[in-house]
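Chemist: generate coordinates for the sequence data below:
(4 chains)
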Number of protein chains: 2
Amino acid sequence: MAAGQGSAAGEAPGQRELPADVRHALEAADARCTRAGAQLTALRRQVLALVLESDQPLGAYALLDKLKAQRPGAAPPTVYRALDFLLEQGLIHKVERLNAFVSCVEAGHDHARHGGHHHPHQFLICRDCGLTVEISDHAVSDAVAEAAAKAGFTAVHATVEIEGRCAGCTAAHQG
Amino acid sequence: MAAGQGSAAGEAPGQRELPADVRHALEAADARCTRAGAQLTALRRQVLALVLESDQPLGAYALLDKLKAQRPGAAPPTVYRALDFLLEQGLIHKVERLNAFVSCVEAGHDHARHGGHHHPHQFLICRDCGLTVEISDHAVSDAVAEAAAKAGFTAVHATVEIEGRCAGCTAAHQG
DNA sequence: TGCGGTAGTGTTACTGTATAACAGATTATT
DNA sequence: AATAATCTGTTATACAGTAACACTACCGCA
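Modeler: Modelled structure (predicted):
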């Protein structure tokens, strides 16, 4: 059974109803891909939608399970290829400590602030509740670049993932 | 065949000759464990020695292969349990991007400078030659702690892994 | 209009990374 | 000895990621 990549920006068979903010983010992602000369195909769109819908990082196999509801024949390469594409386009980020993926363009936000993909970013991960927040702190990325330079390294990318306790869990444990 | 955790600091069957700096680091690690109320058993000592001997990060299964020479029945849990212990004691660090482990107390160095385990550290990883260097940059760790605090997080640990190109490879590519 | 190139997906099989669960063994303590 | 705590052996399995090849759709073009 073949795929059909035709209606890239459009309605895949088995399309579900999506929240307005997710639909909006998908449209923005689509426009961005088009600008970059890339295609946000139905499959990639479905995977991105799954990541956007989730409020926390999703592993590749969790995504695969969800994807199978819409696309029964899906296998690991199906989801990994889509994830690779979305990573390249800067539409999602990977949380290394969790082997999981989060959307980069926050649903409902305009991502134009960062002028495109691959901006420096950091993750904050709560050990208690699993809450994962992405930030983009210039003091951190500057310090990282400088530390690398000091050691003779030319920094290309930095993985910064901070584990600790979020405000909510800190409050809960003090009460 | 049973293990025998008795002579923790001593001679395991099948003990190999080790460089003096490794032996010295092992003794320091042993003392440190004792102080912490933990036991550096023969198995853990063997795994630590393997990590100390290597000049680059080693994956768990690479360690397992090496370990099998001394301990034929070794299986994944054998090495993972030892690694977990060594990580807890701050004797090794994990490089998340490589799924690999490096010794924290550099062989031949006195580790007293850091006053114990779990000091903030960062990795520099060369994409070309794989060279991995551990640094301990206060500007980075301070910026990280502050960024976390700004978001209401209490930072416990930060994974900072900087990918790029080392001085040697930069020079080689310019020639 | 049929050819060939590119891109995307389906499919099978596999390698690599990590852990669960239970059994046996050792040591310290009672 | 009995007990508990800790460590290790052992089997099996879950989770993460990739290789390789087949097939389809689209595009440009002679």
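Chemist: contacts for the one helix or strand residue A:94 maps to?
Modeler: In this assignment (DSSP states H and E), residue A:94 forms part of strand A:92-95. Judged by CB atoms under 8 Å, 6 or more residues apart in numbering or on different chains, the contacts made with strand A:92-95 from elsewhere in the structure are A:48, A:51, A:57, A:83, A:86-87, A:100-104, A:121, A:123, A:125, A:132, A:134, A:161. Placement of C-beta: from N, CA and C, glycine included.
Chemist: could you flag which of the residues you listed are buried?
Modeler: When neighbours are counted using 16 or more other CB atoms under 10 Å in any protein chain shown, the contacts of strand A:92-95 contain these buried positions: A:48, A:51, A:57, A:83, A:86-87, A:100-104, A:121, A:123, A:125, A:132, A:161.
Chemist: so, low pLDDT: which residues of chain A?
Modeler: When residues are selected by pLDDT under 70, those of chain A lie in A:1-15, A:105-117, A:175.
Chemist: how about 50 then?
Modeler: Within chain A, the set of residues satisfying pLDDT under 50 comprises A:1-13, A:106-115.
Chemist: give me the buried positions along the longest helix seen in it.
Modeler: Selection of the longest helix in chain A by residue count, based on DSSP state H, yields helix A:20-35. For helix A:20-35, burial by neighbour count (16+ other CB under 10 Å) applies to A:22, A:24, A:25, A:26, A:28, A:29, A:30, A:32, A:33.
Chemist: ditto for stretch A:154-166
Modeler: For stretch A:154-166, the neighbour count (16+ other CB under 10 Å) marks A:154, A:155, A:158, A:159, A:160, A:161, A:162, A:163, A:164, A:165, A:166 as buried.
Chemist: burial measure for residue A:61, as a count.
Modeler: Counted with other CB atoms under 10 Å in any protein chain shown, residues neighbouring residue A:61 total 11.
Chemist: separation between it and chain B?
Modeler: Separation of residue A:61 from chain B (CB to the nearest CB, to the nearest Å): 17 Å.
Chemist: excluding covalently adjacent residues, which one is nearest to that residue?
Modeler: Nearest-residue entry for residue A:61: residue A:76, 7.6 Å, with adjacent residues in sequence omitted and distances by CB to CB, 6 or more residues apart in numbering or on different chains.
Chemist: hang on, residue A:51 is in a helix, isn't it?
Modeler: Yes - checked against DSSP: H, G, I helix; E, B strand; the rest coil, residue A:51 lies within a helix.
Chemist: circling back to that earlier point, filter the contacts of strand A:92-95 down to the ones near DNA strand D?
Modeler: Among the contacts of strand A:92-95, the residues that sit close to DNA strand D (CB under 7 Å from any atom of the strand) are residue A:100.
Chemist: circling back to that earlier point, kindly format the C-alpha coordinates of the strand holding residue A:94 as CSV.
Modeler: Backbone C-alpha positions of strand A:92-95 (Å, rounded to 0.1, in the frame of the first residue of the first chain) are rendered in CSV as follows:
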residue,chain,number,x,y,z
ILE,A,92,10.8,20.2,17.4
HIS,A,93,13.6,19.7,19.9
LYS,A,94,14.9,16.5,21.5
VAL,A,95,15.4,16.2,25.2
